[in-house]
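Undergrad: predicted model follows, preceded by the sequence.
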Amino acid sequence: MQFQKLDVWKRSFQLAKHINLDVRGCKDFSFKDQICRSALSVPSNIAEGEERETNAEAARFLYIAKGSCGELYTQILLGKEIGYLSEENADHYLKDSLKHIKDACRFDQIQKRACQITCPFSRNQDLETRF
């Protein structure tokens, strides 16, 4: 399992673990379920992409992980605002962990991954239109 060596996977895995532990006592089941699922989605999609056969598939799953980062970011902000997450923990999640993960899933990194060996489409063609 090569994905376990990736820093972005390690960070996202730790973030998912900490968020799950942080909200385990939350009485709002729908909030708890949603934030835990989006947190878990990030490392899961990175892992699934790395286990796929082609670089284009890996890039597609990085796009999905990036989208989950946006969802998670929103839920952390909401959790902070309504008091489900402490300000200290939420700020740490937003400023440190999530920033590193989103940086690793930037478009240029995804494009580099998709074109790593042989690019399955013209370099002039927009990567986003392929998925």
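TA: Right, received. Where do you want to start?
Undergrad: ok, for the residue minimising distance to the centre of the chain, nearest residue in space, not its chain neighbours?
TA: With distances taken as Cα atoms, centre = their mean, Val42 lies nearest the centre of the chain, 3.2 Å away. Among residues not flanking Val42 along the chain, Ser12 sits closest, at 4.2 Å (Cβ to Cβ, 6 or more residues apart in numbering). Where you see a C-beta, it was placed from the backbone N, CA and C, and this is true even at glycine.
Undergrad: quick one on the thing from earlier: just after the host helix or strand of the residue nearest to the centre of the chain, pick out the following helix or strand.
TA: Element membership for Val42 (DSSP states H and E) is helix 29-50. Helices and strands here follow DSSP H and E; after helix 29-50, the next one along the chain is helix 55-81.
Undergrad: and that following helix, what does it pack against?
TA: helix 7-23, helix 29-50, helix 87-92, helix 98-104, helix 107-114 (3 or more Cβ pairs under 8 Å, 6 or more residues apart in numbering; DSSP states H and E).
Undergrad: output these in JSON lines, with mean pLDDT appended to each entry.
TA: Converted to JSON lines, those look like this (pLDDT from 0 to 100):
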{"stretch": "helix 7-23", "mean pLDDT": "93"}
{"stretch": "helix 29-50", "mean pLDDT": "94"}
{"stretch": "helix 87-92", "mean pLDDT": "95"}
{"stretch": "helix 98-104", "mean pLDDT": "72"}
{"stretch": "helix 107-114", "mean pLDDT": "60"}
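Undergrad: for the ones you listed, which one sits closest to Thr74?
TA: Across those, the minimum distance to Thr74, taken as Cβ to Cβ, is reached by helix 29-50, at 8.7 Å.
Undergrad: in the closest one, which residues are buried?
TA: For helix 29-50, burial by neighbour count (16 or more other Cβ atoms under 10 Å) applies to 31-32, 34-36, 38-50.
Undergrad: what of stretch 49-64?
TA: 49-50, 55-64.
Undergrad: looking at those, spot the one nearest Leu21.
TA: The shortest gap between Leu21 and any of the buried residues of stretch 49-64 belongs to Ile64, at 24.3 Å (Cβ to Cβ).
Undergrad: before we move on, back to that, for the helices and strands packed on helix 55-81, give me JSON lines that also has distance to Thr74.
TA: Converted to JSON lines, the helices and strands packed on helix 55-81 look like this (distance: least, Cβ to Cβ, whole Å):
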{"stretch": "helix 7-23", "distance to Thr74": "13"}
{"stretch": "helix 29-50", "distance to Thr74": "9"}
{"stretch": "helix 87-92", "distance to Thr74": "12"}
{"stretch": "helix 98-104", "distance to Thr74": "11"}
{"stretch": "helix 107-114", "distance to Thr74": "20"}
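Undergrad: with that, I have no additional questions.
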